[in-house]
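Enquirer: with the sequence up front, the predicted model follows.
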Amino acid sequence: MKNFWLIKTEPENDWSWNDQLKKNIEGWDGVRNFAARKNLQSMKINDQAFFYHSGKDKCIMGIVKIIKEAYPDPSDKSGKFVMVDVKTYKSFKNPVLLKEIKSVKKLNKMVLVNNSRLSVQPVMPIEWKIICKLGI
DNA sequence: GCCAACGTTGGC
DNA sequence: GCCAACGTTGGC
């Protein structure tokens, strides 16, 4: 079964949707949190993930697809953490703002709303559907 | 720039 | 194995 996710990035300092569009395929490394690692390890090929800008923007920019499942993150010297590869899938015409998400009642259970610090989060199918509609 | 919330570390 | 201290994240 296909799963849905949300991955966060800091567009200013780290990696932006613009960078993603330019590069198309990118290794999602640098995750150093056990809850996030667990989510990375649950990802399957062809799962989809929202691409979220934290910081100034605070919005979902588009969708990426998982094209390679969890493998050891070479940037982690301890060897404990993993990464996946993602590929640009779809750009939202209307990036969905955190503010909008918070204003939709059915979305107020989202991890993004309740635990905004988790950098790799699961998304419920119903939540996925609503946000896709908002972003078109 | 502040601060609340959270995760991780390390001493016991 | 607990918990205080610390560092980091991210929304405001």
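Expert: Received it, and whenever you're ready, just let me know what you need.

Enquirer: ok, longest strand in chain A?
Expert: For chain A, the strand that runs over the most residues, judged by DSSP state E, is strand A:82-97.

Enquirer: elements contacting the helix or strand following that strand?
Expert: Next helix or strand after strand A:82-97 toward the C-terminus (DSSP states H and E): helix A:98-103. For helix A:98-103, the packing partners by 3 or more Cβ pairs under 8 Å, 6 or more residues apart in numbering; DSSP states H and E come out as helix A:111-114. (C-beta placed from N, C-alpha, C; glycine too.)

Enquirer: so for the helix it packs on, mean pLDDT?
Expert: Averaged over helix A:111-114, pLDDT sits at 94.

Enquirer: the helices in chain A, which residues?
Expert: Remark: helices assigned in chain A by DSSP state H are A:17-23, A:34-42, A:98-103, A:111-114, A:125-135.

Enquirer: list the buried residues of the shortest one.
Expert: Right, helix A:111-114. A:V111, A:L112 (16 or more other Cβ atoms under 10 Å).

Enquirer: surely A:E12 meets A:D19?
Expert: No: with the criterion set as Cβ atoms under 8 Å, A:E12 and A:D19 do not qualify as a contacting pair; they are 11.4 Å apart.

Enquirer: wouldn't A:A70 be in contact with A:M43 here?
Expert: Yes: shown here, A:A70 and A:M43 form a contact pair, counting by Cβ under 8 Å, at 6.5 Å.

Enquirer: burial count for A:D57?
Expert: Residues contacting A:D57 under the criterion other Cβ atoms under 10 Å number 17.

Enquirer: do the same with the one 4 residues further on
Expert: Burial measure for A:M61: 22 neighbouring residues, criterion other Cβ under 10 Å.
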